[in-house]
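Peer 1: fold the stuff below for me.
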Amino acid sequence: MTENEITNIAERSIWITYLLIVLLSSLIGDSIILIATIKYNAIKLNKFLVTIMQHIAVCDILASVTFVLPTIISLIANTWILGDVIPYIQVYLEAGTFTGTNTLIAILTTSKLLLLKFPLKPRYWRTKNAHVICVGAWIVSGFLPSIPFLVHNLKPTFSYIEYNTNYGSPSDSVKAHKIIVQTVYMLIVGIPTIIVVTTTVSIVVYMIKSRRVAKRTGAARRWQGVATVVITAGVYCVSVIPSGITFYIGGSGNTVVRDRVLETLPTLNFMCNFYIYSLTIPSFRKFIISNDFDMSRRVVRRFWICRDLQRQNSTHQNMIEILVMVSSINSSGEGTLGRGERCIWITYLLIVLLSSLIGDSIILVATIKYNAIKLNKFLVTIMQHIAVCDILASISCVLPTMISLIADRWILGDALAYIQVHLESGSFTGSNLLICILTTSKILILKFPLRTGSWTTRNAHVVCAAAWMLSLCYPAIQLMYDKNGVSFSYIEYNINYGPTSDDSEETNVPIFILYALMVFTPVTLIVTSTLLTFLYLVRSRMVTQRSGGDKRWQGMVVVVTTATIYCVSVIPGSVTIFVDIPEITSNRVLESLVTLNVMSNFYIYSLTIPSFRYFMKSKALAMSRWLVRYIRHCSQLQSDDLARSEQRDVSENRHATVQTVNSL
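Peer 2: Numbering: from 1, shown residues only. Predicted structure coming up:
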C-alpha cells in the first residue's frame with residue numbers, strides 16, 4: 001500500500017460523488033450560460049460584464065475537464081492510469097485554467113467597480129474591449145504556469161493526497177525552486193485575490209451609500225448586478241484564500257486530510273456560476289424556467305412516441321421481459337401474515353394511498369391555480385412542498401408495501417429495491433424537515449408580523465429547496481456507508497436499510513447520529529415551536545377578548561394539528577430505534593403509524609381552513625350538478641332511443657299489415 005493512499009472505499013465514493021456533482025454542474029451549467037448569453041441574450045447586464053462571464057464559463061469548463069475529470073478517474077482506479085504524456089499536458093492546463101479563473105474574476109470585480117464609478121463613459125465598456133482584456137488574461141494565464149517548467153525542467157508527479165499530478169521539486173536547487181514557485185504563486189493567486197477582496201469591499205461600501213441616498217430621495221436602487229459580482233467574489237475567496245494561507249505559513253493537525261480539503265475547495269469555484277446567476281439574475285432565471293417547460297413538453301411527447309413504438313414492437317417487449325431478473329434480495333420468512341390480516345392491511349394502505357394521491361393533488365391544484373387557501377403565502381408554499389413530499393412517500397413506501405402484501409413477497413426486483421429504500425428515506429426526511437420549517441415559520445410570523453419582506457414566496461421556495469437538498473443527503477450517506485445493507489422484511493413487508501457489518505454496535509453509530517440529526521432534531525424543533533405557538537395564541541386571544549376584539553385561530557389550528565399528527569406518527573417509531581420491541585405486531589403498528597402523516601393533510605386542511613373547505617364544497621357542488629346534468633342527458637338519450645324504437649316498431653307493424661292486406 002502506498003503512503004497516503006485511501007484504502008476505505010466509502011471515503012473514495014464520497015469524494016467521487018462530490019467531484020461528479022462538480023463536473024456535471026460545471027459542464028452543463030457553464031454550457032447553459034454560454035448558450036443563454038451568446039444565442040438568447042438571457043443575462044440583462046452590461047455587455048462588458050456579460051462578456052467576462054462568458055470567458056469565466058469557458059475557463060471553468062476547461063478547469064473541470066483538466067482537473068476534476070482526471071481526479072475522478074484516479075480515485076476510481078486508485079492510481080494514475082492516464083499514461084506518461086498526459087500528466088505534462090494536464091498539470092500545465094490545470095495551472096493555466098486556475099490562473100485564468102483568478103485573473104478573470106479580478107477583472108470582473110474591478111470592471112464592476114469602475115462601472116459604478118464611471119457610468120457615463122459607455123465607449124470604454126464595449127464588448128470588443130472586454131474580449132481584448134480577457135485575451136490578455138488568457139495570455140498571462142498561459143505564460144506564468146510555464147515558468148517553473150522552463151527554469152528547472154520539472155517532471156509532474158502523482159500525489160495520493162490530491163489523487164492528481166502536480167509540479168515536482170528539483171533535487172539540486174530546492175531553495176531556488178521554492179523561491180520561483182512562491183513568486184509565481186503570488187502572481188497567479190496572491191495579486192488577483194488582493195484585487196478581488198479590495199474591489200468587492202469597495203463595491204459593497206459604494207452600494208450601501210448609494211442605497212441610503214436613494215431611500216432618502218424615494219428612488220429605487222437595484223442590487224442585481226452587484227449581488228452577482230459580490231457572491232461570485234465571495235465564493236472565489238472561500239475557495240482560494242485558505243489554500244493560499246497554508247501555502248505560505250503552513251498548518252498543524254492532520255496534514256493529509258487538511259491538504260485534501262484545501263485542494264477540493266477550489267472546485268467550488270467551478271460549479272457555482274450557474275447557481276449564482278440563477279439566484280441573482282431574474283432574466284437568466286426566467287430563461288431557465290421557460291426552457292425547462294419546453295424541455296418537459298418535449299420529454300413528454302418523446303415518452304408517448306416511445307410508448308407507442310414499444311407497443312407496436314413486440315420483439316422489443318420480449319427482450320425487456322427476458323432482462324427482468326428474479327429478485328435475489330435476502331428475505332426472512334419470520335412474521336408472515338395470514339390472508340385475512342393481509343386483506344385488512346391492504347385495505348388500510350389503499351385508503352392511505354388514495355387519500356395521499358388524490359388529496360395532495362387537490363391541495364396543489366387548489367393552491368397553485370385557484371389560491372383557495374387564504375393563509376400567509378410563505379406557509380402556503382411550504383404546504384405545497386409538503387404535499388409533493390407526501391405524494392413521493394406514498395409512491396415510494398405505501399405502493400410497494402401493498403404490492404408485497406398482495407404477492408406475499410418482494411416481486412419488484414433488485415434495482416427497484418435499492419431505489420425504493422433510499423427514495424423512501426429521502427421523502428420521509430424531507431417531510432420531517434418541511435413540517436419543522438412550517439411550525440418554526442408560524443411562530444416567527446406571529447413574533448414578527450410586520451417583516452413582510454422576509455415572508456415572500458421566493459424565500460419560502462429557497463428554504464424548502466434547502467430542505468430537499470438536506471433530505472437527499474440522508475439516503476446518499478446511507479448508500480456510501482454500506483451500499484449492500486438492503487433487505488426485505490416480512491414484518492413491514494417492505495425493503496429496509498441496515499449495515500451488513502457484524503460489529504453492529506460500532507458500525508451503527510454513524511447511522512444513529514445521522515438519524516438523530518434528520519429525525520430527532522426536527523421533532524424537538526416541532527414540539528418546541530408548536531408549544532410556543534399555542535402559548536402565544538392563547539395569551540393574545542385573552543388580550544383580544546378583554547378588549548372586545550377577535551383573534552382568529554385558523555392558521556394556528558392548521559399548524560398545531562399538522563405537528564400533532566406528525567409527532568403521533570413519528571415519535572413512537574423513533575423510540576424503537578433505541579429501545580427494542582420484540583413483538584412483531586407492535587413493530588407493524590409502529591411502522592403503519594408513519595403513514596398517518598402521509599394521508600392526513602387533505603383532511604386537516606378541509607377541517608381547519610374555511611377557504612379551502614368552501615373551495616371543496618363549491619367544486620363538489622359543481623361536480624354534482626354536472627353529474628346530474630350528465631345523468632339527465634343520458635336518460636333523455638335513452639328515452640329518445642326508446643321512443644324511436646317504438647315508433648320504428650309501429651311503422652314496421654303498419655307496413656306489414658298493409659302488405660298483408662295487399663296480398664289478400
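
Peer 1: contacts and neighbour counts: CA atoms only from here.
Peer 2: Fine.

Peer 1: close enough to count as contact, Phe281 and Ile43?
Peer 2: Just so we're on the same page, residue 281 is Ile rather than Phe. Yes. Applying CA atoms under 8 Å as the test, Ile281 and Ile43 come out as touching, 7.0 Å apart.

Peer 1: mutual contacts of these two, please.
Peer 2: When contacts are counted by CA atoms under 8 Å, 6 or more residues apart in numbering, Ile281 and Ile43 have no shared neighbour.

Peer 1: so between the two, which is more surrounded?
Peer 2: Ile43 (24 against 19; other CA atoms under 10 Å).

Peer 1: pull out the buried residues from stretch 362-378.
Peer 2: Neighbour counts over stretch 362-378 (16 or more other CA atoms under 10 Å) mark Ile363, Leu364, Ala366, Thr367, Asn371, Ala372, Ile373, Lys377, Phe378 as buried.

Peer 1: pLDDT (mean, whole number) over it?
Peer 2: On average, the pLDDT along stretch 362-378 is 90.

Peer 1: which residues outside it are in contact with it?
Peer 2: Residues beyond stretch 362-378 that count as contacts (CA under 8 Å, 6+ apart) turn out to be 380, 384, 387, 455-457, 459-460, 555, 602, 609, 611-612, 615.

Peer 1: which pair of those spans the longest distance?
Peer 2: Maximum pairwise distance among the contacts of stretch 362-378 (CA to CA): 26.8 Å, between Asn459 and Phe615.

Peer 1: looking at those two, which one has more neighbours?
Peer 2: Applying other CA under 10 Å to Asn459 and Phe615 shows that Phe615 carries more neighbours, namely 17 against 14.

Peer 1: quick revisit: between the buried residues of stretch 362-378, which is nearest Ser651?
Peer 2: Ala366 (55.5 Å).

Peer 1: low-confidence regions, the stretch 51-200 of the chain specifically.
Peer 2: 122, 148-154, 167-178, 180-181 (pLDDT under 70).

Peer 1: next one: the stretch 201-350 of the chain
Peer 2: Scanning the stretch 201-350 of the chain for pLDDT under 70 picks out 217-224, 247-255, 257, 292-337.

Peer 1: and the strands in it, which stretches?
Peer 2: 331-332 (DSSP state E, counting those that start in this stretch).

Peer 1: any low-confidence regions in the stretch 351-500 of the chain?
Peer 2: Low-confidence regions of the stretch 351-500 of the chain, defined here as pLDDT under 70, cover residues 452, 478-485, 497-500.

Peer 1: the same query, at a cut-off of 80, please.
Peer 2: For the stretch 351-500 of the chain, residues meeting the criterion pLDDT under 80 lie at 413-415, 418-419, 421-422, 449-454, 473-492, 494-500.

Peer 1: so in this protein, which helix runs the longest?
Peer 2: Longest helix of the chain, by residue count under DSSP state H: helix 610-663.

Peer 1: if we can go back for a sec, where neighbours are concerned, which of the contacts of stretch 362-378 has the most?
Peer 2: Highest neighbour count within these: Ala387, with 25 neighbours (other CA under 10 Å).

Peer 1: and the helix or strand harbouring that one, what's buried?
Peer 2: In this structure, Ala387 is located in helix 377-393 according to DSSP states H and E. Of the residues in helix 377-393, those buried by neighbour count under the rule 16+ other CA under 10 Å are 377-393.

Peer 1: quick one: distance of that helix to the chain centre.
Peer 2: Shown here is helix 377-393, whose average C-alpha point lies 14 Å from the average C-alpha point of the whole chain (CA atoms, centre = their mean, to the nearest Å).

Peer 1: which residues touch the nearest residue to Thr165 once chain neighbours are set aside?
Peer 2: Nearest residue to Thr165 in three dimensions, chain neighbours excluded: Phe158, at 4.2 Å (CA to CA, 6 or more residues apart in numbering). Residues counted as contacts of Phe158 (CA under 8 Å, 6+ apart) are Trp80, Asn164, Thr165, Asn166.

Peer 1: now the residues you listed in JSON lines, with secondary structure, distance to Thr109 and neighbour count?
Peer 2: JSON lines is the format used below for these (DSSP: H, G, I helix; E, B strand; the rest coil; distance: CA to CA, whole Å; neighbours: other CA atoms under 10 Å):
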{"residue": "Trp80", "secondary structure": "coil", "distance to Thr109": "38", "neighbour count": "21"}
{"residue": "Asn164", "secondary structure": "strand", "distance to Thr109": "31", "neighbour count": "24"}
{"residue": "Thr165", "secondary structure": "strand", "distance to Thr109": "31", "neighbour count": "24"}
{"residue": "Asn166", "secondary structure": "strand", "distance to Thr109": "29", "neighbour count": "20"}
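
Peer 1: out of these, who's nearest Arg451?
Peer 2: The closest of the contacts of Phe158 to Arg451 turns out to be Asn164 (CA to CA; 50.1 Å).

Peer 1: residue contacts, that closest one?
Peer 2: The neighbours of Asn164, taking CA under 8 Å, 6+ apart as the test, are Phe67, Pro70, Thr71, Ser74, Trp80, Phe158.

Peer 1: from the residues you listed, pick the one nearest Asp30.
Peer 2: Phe67 (15.9 Å).

Peer 1: may I ask which helix or strand encompasses the residue lying closest to the closest one once chain neighbours are set aside?
Peer 2: In space, Phe67 comes closest to Glu94 once its chain neighbours are excluded; the distance is 5.8 Å by CA to CA, 6+ apart. Remark: Glu94 resides in helix 86-117, with elements defined by DSSP H and E.

Peer 1: does anything pack onto that helix? Which helices or strands?
Peer 2: With contacts defined as 3 or more CA pairs under 8 Å, 6 or more residues apart in numbering; DSSP states H and E, the secondary structure elements packing on helix 86-117 are helix 47-63, helix 127-143, strand 164-166, helix 191-217, helix 224-249.

Peer 1: any chance of these in TSV, with distance to Val598 too?
Peer 2: TSV is the format used below for those (distance: least, CA to CA, whole Å):
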stretch	distance to Val598
helix 47-63	43
helix 127-143	55
strand 164-166	47
helix 191-217	46
helix 224-249	39
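
Peer 1: of all those, which lies closest to Ser111?
Peer 2: Set against Ser111 and scored by CA to CA, the helices and strands packed on helix 86-117 come closest in helix 47-63, at 7.3 Å.

Peer 1: by contact count, what packs against the closest one?
Peer 2: Helices and strands touching helix 47-63, as assessed by 3+ CA pairs under 8 Å, 6+ apart, comprise helix 9-38, helix 86-117, helix 127-143, helix 268-280.

Peer 1: how far out from the middle of the chain is that helix?
Peer 2: Relative to the chain's own centre, helix 47-63 is displaced by 26 Å; criterion: CA atoms, centre = their mean.

Peer 1: and if you look at stretch 606-617?
Peer 2: Centroid separation for stretch 606-617 versus its chain: 31 Å, with CA atoms, centre = their mean.

Peer 1: hmm, who's touching it?
Peer 2: Applying CA under 8 Å, 6+ apart, the set of residues contacting stretch 606-617 is Ala366, Ala372, Ile373, Lys374, Gln554, Gly555, Val557, Val558, Tyr605.

Peer 1: switch to 7 Å and redo it
Peer 2: Outside of stretch 606-617, the residues that reach it under the criterion CA atoms under 7 Å, 6 or more residues apart in numbering are Ala372, Ile373, Lys374, Gln554, Val557, Val558, Tyr605.

Peer 1: farthest-separated two in those residues?
Peer 2: Longest distance between any two of these is 17.1 Å, between Ala372 and Val557; criterion CA to CA.

Peer 1: hang on, the earlier thing: from the contacts of Asn164, which land in strands?
Peer 2: Counting by DSSP state E, the members of these that fall within strands are Phe158.

Peer 1: export the contacts of Asn164 to TSV and tack on distance to Ile445?
Peer 2: Listed next are the contacts of Asn164 as TSV, based on distance: CA to CA, whole Å:
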residue	distance to Ile445
Phe67	47
Pro70	49
Thr71	47
Ser74	51
Trp80	56
Phe158	55
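
Peer 1: helices or strands up against the strand or helix carrying Val559?
Peer 2: Secondary-structure assignment from DSSP H and E places Val559 in helix 554-575. For helix 554-575, the contact count by 3 or more CA pairs under 7 Å, 6 or more residues apart in numbering; DSSP states H and E identifies helix 584-593, helix 596-599, helix 601-608 as packing neighbours.
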